[in-house]
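Got a predicted model here, sequence first, then my questions.
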Amino acid sequence: MDPWESLPFMEGAYPGRLRHVDYFLGPGSRKNFHDGHCDLVPVDFAQVPATMRESSPPGLAVTTVSEIDEHGYFSMETNAD
């Protein structure tokens, strides 16, 4: 959601097969967005799950999260479910 580094799939390496969609422009995706290689769907952090359900075609969603903290929780989550 807020990538720190640019990766090939974000740079348009797989045209017609894979396109990166960003919800927050991080340092790794800002240039790719301005160059037209990825899409931006600006939403509030809490709206991301509903936005993905409503606007994404069936397919594959790949996400990553931070490591579990000392209390056993991920540091970034959209809800408690």
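Yep, that arrived. Residues are numbered from 1 along each chain as shown.

what's in contact with stretch 31-48?
Stretch 31-48 has contacts (CB atoms under 8 Å, 6 or more residues apart in numbering) with 1, 6, 10-12, 19-25, 29, 51, 55, 78-79. Quick note: C-beta positions are derived from backbone N, CA and C, even for glycine.

Out of those, name the ones that lie in strands.
Among the contacts of stretch 31-48, the members found in strands (DSSP state E) are 20-22.

I'd like to know how many residues surround M10.
Using other CB atoms under 10 Å, M10 has 21 neighbouring residues.

same question, P49
Residues near P49, counting by other CB under 10 Å: 13.

Let me know the secondary structure of it.
Under DSSP: H, G, I helix; E, B strand; the rest coil, P49 falls in the helix class.

per-residue confidence for it?
Looking at P49, its pLDDT reads 78.

what ranges do the helices span in this structure?
With DSSP state H as the criterion, the chain has helices at 30-34, 48-55.

Deepest-packed of these, please.
Highest mean neighbour count among the helices of the chain (mean count of other CB atoms under 10 Å): helix 30-34, with a mean of 15.
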